[in-house]
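> I'd like to go over a predicted model; first the sequence, then the structure.
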Amino acid sequence: MRRILLAAATLAIAGGALAQDVKIGVVGPFSGVAADYGKQMEAGMKAWLKLHGNAMAGHKVEILVRDTGGPNGDVAKRLAQELVSRDKVDFLAGFGFTPEALATAPVATEAKTPMIVMNAAGSVVTTRSPYIARFSMTLQQVSAPMATWAAKNGIKKVYTLVADYAPGIDSETAFKKTFTEAGGTVVDSVRVPLRNPDFGPFVQRVKDSKPDAVFMFVPAGEQSIAFMKAFEERGLARDGIKVIATGDLTDDDVLQTMGEPVLGVITSHHYSAAHDSPENKAFVAAFKETGAGLSRPNFMGVAGYDGMAAMAEVVGKVGVPVDGDKAMEVLKHVKLTSPRGPISIDPATRDIVQTVYIRRVQKVGGDYYNVEFDKFLDVKDPGK
Ligand code: PHB
């Protein structure tokens, strides 16, 4: 007995000396109207830890959260700089908004620190540093399938409405290209300000031009809610105008609050909390415990989870402290069975390849969900 105890103690000491902590600096909005972006990513990361013994390849994980307050590039860059120089993090992660990721890219390059993008979805992001790998989506990747589906399903004339910054322009570009190539007509396009748009006048212009549908992308959360409010108030549904959108509109984080007005809305996206798989069931259950105050995981939550799975592969293969160049070689070849379905990283672009689902908002057991009913397999970013 004594011998066994001694052996265990020796192992523990040896383990302790060897097992240096993995440090992950998470940069994103944790306050303000987009606070849930950061909270979703963090809860998704913690759900991964919960389901994997609270460690990465035997190493304890330290998560350092830093709040940008919103789409604020300068703040993101300063916080990332502190994380690499003072806190000596092994990974930078997070990034809710494209401007946060773009401003931070040079920091990742300079420090040779792998940067794991968990949302920021403008195509250009991964081109800005060889140390970036993306585990979320690109707006082009999720917008093009919506156009294909719409053209095949009797929608002929579409008005597009997007937020006026890189992801919005990407979304408009991919939708227009795919929809017109499939024989549809884009009757007009409008871009709305990224911050605090008053959707009323824009939605009125859509209504006056009487399209079959409006295709739209604005950042998930507060802005999606504001768009739907204007759509309701101006009576577009009564005029027979449909909304088609990327899943940012019917984001799981706020879907339950949006309720009735979005019932039946069709969107394209890479994750739904209702995705039917054992991996997703386990994830949703773990998230209930790690996501205090959040109703269920959304696409940012699942990107947090998958980002952790990828970082764990890196740690398992290259050890700690993490060597940036060796880490990128591992990240370029990541292939996972995610709660969203199969995902991989395209080694040529370090961007994600994944299934894009077409979904309809339905009531399931009294709650609103995006129910998947069609899919496009192995979609790469068309913007590359
Ligand atoms: C982005 O800024 O890249 C972004 C933000 C919110 C979304 C999607 C993309 O819902």
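Right, received. Where do you want to start?
> please enumerate the helices of this structure.
Applying DSSP state H to the chain gives helices spanning 2-18, 35-51, 73-85, 98-111, 139-152, 166-181, 199-208, 222-233, 255-258, 278-290, 299-318, 324-331.
> for these, which one sits closest to Ile132?
Nearest of these to Ile132, taken as Cβ to Cβ: helix 98-111 at 6.3 Å. Every residue, glycine included, has its C-beta placed from N, CA and C.
> so what's the gap between the closest one and the chain middle?
Its chain's average C-alpha position is 17 Å from that of helix 98-111, according to Cα atoms, centre = their mean, to the nearest Å.
> average pLDDT across it?
Helix 98-111 shows a mean pLDDT of 98.
> ok and it relative to helix 73-85, angle-wise?
Using axes from the mean of the first three to the mean of the last three Cα atoms, to 10 degrees, the inter-axis angle of helix 98-111 relative to helix 73-85 is 30 degrees.
> hmm, back to that, mind putting the helices of the chain in TSV, mean neighbour count and distance to Glu62 included?
As requested, the helices of the chain are exported to TSV (neighbours: other Cβ atoms under 10 Å; distance: least, Cβ to Cβ, whole Å):
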stretch	mean neighbour count	distance to Glu62
helix 2-18	9	15
helix 35-51	25	11
helix 73-85	20	11
helix 98-111	23	18
helix 139-152	25	32
helix 166-181	22	31
helix 199-208	18	42
helix 222-233	19	31
helix 255-258	16	33
helix 278-290	17	16
helix 299-318	26	12
helix 324-331	18	17
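> tell me which of the ones you listed lies nearest to Phe376.
Nearest to Phe376, of all the helices of the chain, is helix 139-152, at 4.4 Å by Cβ to Cβ.
> next, the contact list for the closest residue to Pro297 other than its chain neighbours, please.
Spatial nearest neighbour of Pro297, chain neighbours left out: Phe287 (4.5 Å); criterion: Cβ to Cβ, 6 or more residues apart in numbering. Under the criterion of Cβ atoms under 8 Å, 6 or more residues apart in numbering, the contact partners of Phe287 comprise Ala43, Gly44, Ala47, Leu294, Arg296, Pro297, Gly301.
> interface residues of the protein facing the ligand?
Neighbours of the ligand within the chain, by Cβ under 6 Å from any ligand atom: Phe97, Thr98, Asn119, Ala120, Ala121, Gly122, Pro167, Pro219, Ala220, Asp248.
> make it 8 Å
34, 37, 71, 96-101, 119-122, 125, 136-137, 139, 165-167, 217-221, 246, 248, 251, 299-300 (Cβ under 8 Å from any ligand atom).
> output the helices of the chain as CSV; include the columns distance to Pro347.
Converted to CSV, these look like this (distance: least, Cβ to Cβ, whole Å):
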stretch, distance to Pro347
helix 2-18, 31
helix 35-51, 23
helix 73-85, 25
helix 98-111, 18
helix 139-152, 17
helix 166-181, 22
helix 199-208, 40
helix 222-233, 34
helix 255-258, 35
helix 278-290, 24
helix 299-318, 13
helix 324-331, 9
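> give the rounded mean pLDDT of stretch 157-164.
On average, stretch 157-164 scores 98.
> what do you get for stretch 318-334?
For stretch 318-334, the per-residue pLDDT averages 98.
> which residues sit against that stretch?
Taking Cβ under 8 Å, 6+ apart as the rule, stretch 318-334 contacts 20-22, 59, 88, 90-91, 111-114, 116, 130-131, 133, 310, 313-315, 317, 344-345, 347, 350.
> just the contacts of Phe287 now: which is nearest the ligand?
Gly301 (12.7 Å; Cβ to the nearest ligand atom).
> quick one: low-confidence parts of the stretch 151-300 of the chain?
Counting by pLDDT under 70, the stretch 151-300 of the chain contains no low-confidence segment.
> tally of neighbours for whatever residue of the stretch 251-384 of the chain ends up closest to the ligand?
Of all residues in the stretch 251-384 of the chain, Asp251 sits closest to the ligand, at 7.0 Å by Cβ to the nearest ligand atom. Residues near Asp251, counting by other Cβ atoms under 10 Å, number 25.
> phi, psi for it please.
phi -50, psi 130 (degrees, to the nearest 10).
> what sits closest to it if chain neighbours are left out?
Asp251's closest residue in space is Ala220 (Cβ to Cβ, 6+ apart), at 4.0 Å.
> picking that back up, just the buried ones out of the contacts of stretch 318-334, please.
For the contacts of stretch 318-334, a neighbour count by 16 or more other Cβ atoms under 10 Å gives the buried set as 22, 59, 90-91, 111-114, 116, 130-131, 133, 310, 313-315, 344-345, 350.
> out of these, name the ones that lie in strands.
Among the buried ones among the contacts of stretch 318-334, the residues falling in strands (DSSP state E) are Val22, Phe91, Ile116, Ala133, Ser344, Ile345.
> got those as CSV, with pLDDT columns?
Converted to CSV, these look like this (pLDDT from 0 to 100):
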residue, pLDDT
Val22, 98
Phe91, 99
Ile116, 99
Ala133, 99
Ser344, 98
Ile345, 98
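> taking the residues you listed, tell me the two that lie furthest apart.
Every pair of these checked by Cβ to Cβ; the farthest is Val22 and Ser344, at 22.7 Å.
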